[in-house]
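Below is the sequence, then the predicted model.
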Amino acid sequence: MIQKKCLKCGVLYPPDAVVCPKDGSGLATAIVGSMIGAKLGRYTIKSELGHGGMGTIYKAHHDLMDRIVAIKLLIADASNSVATERFHVEARAASILSHPNIVKVFEFDITPEGLPYLVMEYLEGEALSSVLERQNYLPVAKAVPIFIQLCSALEHAHKRNVVHRDLKPQNIMFVTDDDGSERVILLDFGIAKLFAQPGQLDRKLTQTGEVFGSPLYMSPEQCMGQPIDARSDIYSFGCVMYETLTGKPPIDGNSFLAVIYAHLNGEPLPFSTAAPELGIPHSLETIVLKAMEKSVNNRYETIGALKRALEEFQANSTPQSRSSAQAAPVQPSSPPTPTASEIVQEEHEEDKLQELRRNAEQGDVNAQTDLAYFYLDGQFVDQDDALAYYWFKKAADGGHLLASYRVGDMLRQGQGVQKDLQAAFQYFKFGSDKDYSLSQYNLGWAYEKGEGIAPDLDMAFYWYQKSAQQENCAANMALARLYNFGSPRNPEQYARYTIKAAEMGDPDMQVNAGNCYMYGDGVKQNYEEAATWYLAASQQDYAPGKRQLGYCYLDGNGVPQDDREAYRWMHEAATAGDAEAQAYLGYWYEEGLCGLTQDISAAFKWYSKAALKKNPHSQHKMGQLTFWGDGTKRNEATAVTWYERAAEQGFARAQYDLALCYLSGRGIEKSVERYEFWLQEAANQNLAEAQYEMGAHLEEDKNDLHEARQWYEKAAKNGDQHAKDRVLQLR
């Protein structure tokens, strides 16, 4: 029932397939046929409740406890051990949450085919998305209490370092309790992060029609693939509140990219424009829009602060509350005392931890691994590397593959235990022999670097390739590196593994993949494909990707030629600290290129930023501008300092200018010896001006016409007109 599907041609392959043999495209895990009646551990699948881009939800029966549960089977390419470990980390955090407004996660596991699944409480109710589809919006009096309940749920999670990441009406459910009261439940904590590959939003959309995360509710930082925290949830929740109150999403567009652009640059309509007939109070609008501020620093600092604002609005919205507020003096605020339910929740979490400890002490390797991660991350317990190592080792010695990798890693780093490379090697070897991808990659590294074993490049290749077959990103990066710098270099294999690592979301490899297509390095030249990879890296706020995209727009390679877009991307890269982009901006301002007005002062500013990052071109430019006093105060000694910095990095023009300074004594003491040294360095790099100068020096100062003629001829071949004239004269 579980197979692999080609993202391009749609052909199905066995579950152990990695790439499509027809077109070399990546394969996605797919469920073929019905799962009804199938077994997942102790559970029997009864019916399908729904499915989406990340998986399918089933109604299932616990065979031993006679309990109905919901199982979410995640199918988003979880077949590699990196994704498996990420699943364990996220699912472990979600399972510890215990709140009346959060769905309970009972357990989590991995199927024999490598598909992770969560076992949750079975809920009968209606999603907020269905309610809004049926009645368009919720009245303020009904909506605000729901918002407050959801804030309480998010506050509980955020205090435990768990971020939801995928807040949307489909993940909010209304259920009716046994006493007839209605309760709102938040679903799918942390699941959006489990298999989302950063920088792949556009490519995922074009390949499968699915994206991880919900574009209508994604925060600007999430849209750009940047690291996110609890404030991203606040933005998404603001979008949910807006739509719930007005019946319209605050951000919309006719395509995925249009929605992303609107999140980054657009502003939601005021309530008076979006839904004038509803008369939503301006004070509530202020709360919602503050939650949706583009900058994380302008939003509510915590979800608790948002909850208090909603509670204050609710209190001031009733006549009784308004009259009471007028009669009673304002009391100074004091720290809130824990509610009875919060105390019960804390006690329940402690009970779950104690149960985990008991299971670990009784030899349960999964419990031992979970407990080790709690100590490693400092989640729900005090952080303690030594105790993390202790429990990882217990589980590893019991045969747990993830734990054996962790033990090897901690032994290699000396984290929580004395460093021991030979012991680390043995733990990596154990996992590798069991076909565990993370261990295989680390075993390849050990063989390559000679850590705990004699260096053996053939064995390094072997284990890297074994790991790469399971789509381990680091292994693909290692193979790309070895094929790029090996002797002889293999451009086809370099491009193959670079592109595979890029498809897994690494921004540096996405830029490298773009370069492969831009210059036809190991693949057929394709400017459009190059620009697509640069865009993928840019979505992760990776400055080199933005710089390369700027080049594309400057030259019209793969995208329409557009000076404004070229400047925008180059400026973003430069502002993010990319030295090459800073140097390019300096050049554009100096020459008045790319639609810019010539501005030597602006050029000097950008050159100086790049020069301080040791960009040799900019160091040379700083020397020139300072030497002549362009855009700054003239100072020949400072100019020589900049020339020296660039010359020592091998920049030929700086070597030539430094040689002339030693010859003339401008900015530095005269030295014929240093003049000749730097002139020779520049001439050896085929700088035509230096070669002509070398010829003139040999002819006029050394009276060596034969040697001088050779340098003149070299300079002439490199296009120096004076050298061409002198060669003709000497014939």
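Perfect, thanks for sending it. Computed from a prediction, not measured in an experiment: that's the story for all the values here.

so what's Ile303 up against?
The contact partners of Ile303, taken as Cβ atoms under 8 Å, 6 or more residues apart in numbering, are 151, 154-155, 158, 230, 233-234, 237. Placement of C-beta: from N, CA and C, glycine included.

Low-confidence bits of the stretch 351-500 of the chain, can you list those?
Under the criterion pLDDT under 70, the flagged ranges of the stretch 351-500 of the chain are 379.

What strand or helix carries Trp711?
Per DSSP states H and E: Trp711 is located in helix 705-717.

Any chance you could list what contacts that helix?
Contacts for helix 705-717 (Cβ under 8 Å, 6+ apart): 683, 686, 688-689, 691-692, 694-699, 702, 722-724, 726-727, 730.

So which of the contacts of Ile303 belong to helices?
The helices, defined by DSSP state H, take in 151, 154-155, 158, 230, 233-234, 237 from the contacts of Ile303.

can you pick the most crowded of those residues?
Counting neighbours by other Cβ atoms under 10 Å, Leu154 comes out on top of the ones in helices among the contacts of Ile303 with 29 neighbours.

so how far is Asp233 from the nearest residue to that residue once chain neighbours are set aside?
Of all residues not flanking Leu154 in the chain, Ile303 sits nearest, at 4.5 Å (Cβ to Cβ, 6 or more residues apart in numbering). Distance from Ile303 to Asp233, counting by Cβ to Cβ, to the nearest Å: 7 Å.

joint contacts of those two?
Residues touching both Ile303 and Asp233 (Cβ under 8 Å, 6+ apart): 154, 158.

Show the backbone phi and psi for the closest residue to Gly125 other than its chain neighbours.
In space, and not counting its chain neighbours, Gly125 is closest to Val175: 3.7 Å by Cβ to Cβ, 6+ apart. Dihedral angles of Val175 (phi, psi; degrees, to the nearest 10) stand at phi -130, psi 160.

Check the burial of Val175 by counting its neighbours.
Applying other Cβ under 10 Å, we find 15 other residues in the vicinity of Val175.

need the contact list for it.
123-125, 182-185.

pLDDT check: weakest of the ones in helices among the contacts of Ile303?
The lowest pLDDT within the ones in helices among the contacts of Ile303 belongs to His158, with 85.

Check the gap between it and Asp229 for me.
Remark: distance between His158 and Asp229 (Cβ to Cβ) = 9 Å.

now Gly650
Distance from Gly650 to Asp229, by Cβ to Cβ: 43 Å.

Next: Ala262.
Separation of Ala262 from Asp229 (Cβ to Cβ) stands at 22 Å.

just Val105 next, same as before
Val105 is 22 Å from Asp229, by Cβ to Cβ.

Compare the two and say which is more crowded by neighbours.
Using other Cβ under 10 Å, the more surrounded residue of Val105 and Asp229 is Val105, with 22 against 13.

how about that one, what does it touch?
By Cβ under 8 Å, 6+ apart, the contact set of Val105 is 91, 94-95, 97, 118-120, 189.

same question, Tyr527
Contact analysis of Tyr527 by Cβ under 8 Å, 6+ apart lists 517-518, 552, 557-558.

and it, how far is that from Gln470?
From Tyr527 to Gln470 the distance is 32 Å (Cβ to Cβ).

Which ones among the contacts of helix 705-717 map onto helices?
Among these, the members falling in helices (DSSP H) are 683, 688-689, 691-692, 694-699, 722-724, 726-727, 730.

Now list the buried members of those.
Among the ones in helices among the contacts of helix 705-717, those classed as buried by 16 or more other Cβ atoms under 10 Å are 683, 688-689, 691-692, 694-699, 722-724, 726-727.
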